[in-house]
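In: one predicted model, sequence on top.
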Amino acid sequence: MMVEPTKFFFNAETAKDNEFMHDVQEDNEVIAKQAIEEHQTLRKRIEEAGVEVVKYIQQEEDLPDSLFPNNWISTHKYPGLIENRVVCVYPMKAPTRQREVNYKIVDEFMEASGHCIDMTSYCDKELALEGTGVLIFDAPNKKIYANISQRCEKEVLEHFLELFNSKSKEPFRLVTFTAKTHSDTAIYHTNVMLSILSDHAVICLESIQDEEERDKVIEELTSSELNDFPRKIIDISLEEVGNMCGNIICVIDKAEQPCVIMPSTAYYGYTSSNRDELETHYKIVHADVSTIEKIGGGSARCMVAEVF
């Protein structure tokens, strides 16, 4: 699922704790035109790669972050675990982002026997849990990885896990940690430093400063004792994080082959060994979304919400 923008501009509300956002001295109409073209190009390349895209259009012109739908909605349907689709709706930190929630879309994704987990009441408490921006689901291993930050509050996270597990035949468990940038501030979204692919975990280990915590995350990702499907780690640097190398997503094309969507910033920003490892195992789809990255602080992964 992707939401095509109609207006796009710098959101001062979300910039307060997102170091990846940059205000620019350029006309908003020019910025919006560039963002729309970038979004359309990425969607076209995804579709050309054989991946089906459900497209929506930005519903309100004063909601510039609408093109990042994965923060407010996620869907889950995993054979043997969740047979009837679960649609989750999340509480966003910024008031402008809270208004992005569109229950018409929720209703369209709901199956007759499906379920909805609606966490938006936490907005009244000013507590956030920003969807798959902060939650990295590893369904085959029944885990959810989460970097604790202002966008991922522990109280909401623990309540969400309780509700989510009530819909799953087997319980998921949390793997939490704290990741920081070069400036020693919390990374706002887990999905800029961690992505779970079919056979790999792309992760910035140096961002997890606590050695014991870092070792635990490595074990959780790679141990054959803790996983039915252990992952091989592709370790990216904080410099690569700055190039959006962690903001990628693995989807399945119509031939049921794994396909990794990423921005061109990431494709050319990886070390050669990391890029080679990815290209050896996955079909890579990338496009230039640099305007969206620079002004919106999110990239290709944030622009895609999985439909299970």
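Out: On my side now, so go ahead. Numbering: from 1, shown residues only.

In: for residue 99, which non-adjacent residue is closest in space?
Out: residue 63 (5.9 Å; CB to CB, 6 or more residues apart in numbering). C-beta: built from backbone N, CA, C; applies to glycine.

In: send the alpha carbons of the helix or strand harbouring residue 276 over as PDB?
Out: Using DSSP states H and E, the element containing residue 276 is helix 272-281. The C-alpha trace of helix 272-281 is given here as PDB (Å, rounded to 0.1, in the frame of the first residue of the first chain):
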ATOM      1  CA  SER A 272      30.400  -2.500  -1.800                       C
ATOM      2  CA  SER A 273      30.400  -5.700   0.300                       C
ATOM      3  CA  ASN A 274      27.000  -4.900   1.800                       C
ATOM      4  CA  ARG A 275      25.500  -4.100  -1.600                       C
ATOM      5  CA  ASP A 276      27.000  -7.200  -3.100                       C
ATOM      6  CA  GLU A 277      25.500  -9.400  -0.300                       C
ATOM      7  CA  LEU A 278      22.000  -7.900  -0.900                       C
ATOM      8  CA  GLU A 279      22.200  -8.200  -4.700                       C
ATOM      9  CA  THR A 280      23.300 -11.800  -4.500                       C
ATOM     10  CA  HIS A 281      20.200 -12.800  -2.600                       C
END
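
In: ok, back up a step: isn't the residue nearest to residue 99 up against residue 95?
Out: No - between residue 63 and residue 95 there is no contact under CB atoms under 8 Å: 10.4 Å.

In: neighbour-wise, which of the two wins?
Out: Applying other CB atoms under 10 Å to residue 63 and residue 95 shows that residue 63 carries more neighbours, namely 20 against 10.

In: confidence score at that one?
Out: Looking at residue 63, its pLDDT reads 88.

In: next: residue 41.
Out: pLDDT, residue 41: 97.

In: same check on the one 3 residues further on?
Out: Residue-level confidence at residue 44 comes out at 98, pLDDT.

In: returning to what we had before: residues in contact with the residue nearest to residue 99?
Out: 96, 97, 99, 100 (CB atoms under 8 Å, 6 or more residues apart in numbering).

In: many thanks, have a good one.
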